[in-house]
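Asks: what's the 3D shape of this:
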Amino acid sequence: MGSSTFRLRTAFRHGRTKVDDVYFEAPFKLMTPFEDGRHTDFIVMLASPGFLKGDEAHIAIEFGAGTDSTIRTQSYEKVLDTADGSASRTIDLTVHDGATAVFLPFPVIPFRGSSFENRTVARIAPTSTFVYADVVTCGRVGMDERWAMRRFANRLRVVVAGPSDDGEPRGRLAFADRMLLEPDRFDYGEMGMWRSFTHCGVLYAHVPHGTGDDAARIAAEDALIERIRRHADDIGFVGELGVSRAVEGICLRVLTGRGDDAFDFIKDVAGMVTDGEQ
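Replies: Next comes the predicted model:
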């Protein structure tokens, strides 16, 4: 792979979400988008066996004003043995006024001997609906390979942008999260860690609101949290979860023993956010 870049910009035209501009380098590819009314699904493909030593992937996506789209990946993302080196990925997301944007990749599998770092920054408008999620496994569970990676680091920062008193753009840090897995230093099977669970999922969601309308935003966030908890009870969710308000928006974290349990529940929650029925 080496150093590879994927860039996508969307725009709303003639009642549909369209590709406004796209650029990608091998092994990145973009499947033909799936349009359904104003909503469009974009599937990003990575035509390689996985991340190897020295690989650097850069993803930048700009969701145009009023667009409605979901970004998915084709399959589970693999981080292969990086020997004495490492691999990395940066994700830069921008969500404009009135856009609905969901970034929902398949889970990441860190192989034995791998070292991987992911950094994501999302800049979103107060009037946007935004969901970011990721799931990581403890290794190739099906091959009884658990906690054999050297290092896995994942950082997320979400900034809500808006005008300041003098009319200049400003940003408010709404949410920040860091996951660091170093099995040589910590025992993740202990109490307070993952224990017997094998998959960990994190979701951040932002519900739209008018600038300065904090009361309406908080009410919408609280309603969403209650809906998520009811849904977990209704389906008999297998695992553990916690959901709470952030500085702005909500955060969900799940621990499960199966990737499908984590990913399917996160997809359900993304649907709750975007259907506007909190």
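
Asks: CA atoms for contacts and neighbours, from now on please.
Replies: Fine.

Asks: now the closest residue to Glu145 other than its chain neighbours: which helix or strand?
Replies: Among residues not flanking Glu145 along the chain, Gly139 sits closest, at 5.6 Å (Cα to Cα, 6 or more residues apart in numbering). Gly139 is part of no helix or strand, with elements assigned from DSSP states H and E.

Asks: pretty sure Gly139 is touching Arg151, no?
Replies: No - with contact defined as Cα atoms under 8 Å, Gly139 and Arg151 do not form a contacting pair (11.5 Å).

Asks: neighbour count for those two, which is higher?
Replies: Gly139 (23 against 20; other Cα atoms under 10 Å).

Asks: and the more buried one, backbone torsions?
Replies: Per-residue torsions, Gly139: phi 140, psi -170 (degrees, to the nearest 10).

Asks: which stretches of the stretch 101-250 of the chain have low pLDDT?
Replies: 162-170, 210-213 (pLDDT under 70).

Asks: just the pLDDT for Leu46.
Replies: We have a pLDDT of 88 for Leu46.

Asks: what about it, neighbour count?
Replies: 18.

Asks: let me see the contact set for it.
Replies: Pro27, Phe28, Lys29, Gln74 (Cα atoms under 8 Å, 6 or more residues apart in numbering).

Asks: what's the answer for Thr274, then?
Replies: Thr100, Thr129.

Asks: list the beta-bridge partners for the nearest residue to Gly54 once chain neighbours are set aside.
Replies: Excluding its sequence neighbours, the residue lying closest to Gly54 (Cα to Cα, 6+ apart) is Ala87, at 5.2 Å. Beta bridges link Ala87 to Phe116, judged by DSSP bridges.

Asks: I'd guessed Ala87 sits against Arg119; true?
Replies: No - contact between Ala87 and Arg119 fails when scored by Cα under 8 Å: they sit 11.8 Å apart.

Asks: so which of these two has more stuff around it?
Replies: Between Ala87 and Arg119, counting by other Cα under 10 Å, Ala87 is the more crowded of the two (23 against 16).

Asks: got a pLDDT number for that one?
Replies: Ala87 is given a pLDDT of 97.

Asks: check contacts around it.
Replies: So Ala87 contacts Phe51, Leu52, Lys53, Gly54, Asp55, Glu56, Val79, Ser115, Phe116, Glu117 (Cα under 8 Å, 6+ apart).

Asks: please report how far it lies from Asp184.
Replies: For Ala87, the distance to Asp184 (Cα to Cα, to the nearest Å) stands at 19 Å.

Asks: with Tyr204 instead?
Replies: 29 Å.

Asks: between the two, tell me which one has more neighbours.
Replies: Between Tyr204 and Asp184, counted using other Cα under 10 Å, Tyr204 has the larger neighbour count: 24 against 11.

Asks: now the more buried one. Nearest residue, chain neighbours left out?
Replies: That would be Cys251: by Cα to Cα, 6+ apart, it lies 4.6 Å from Tyr204.
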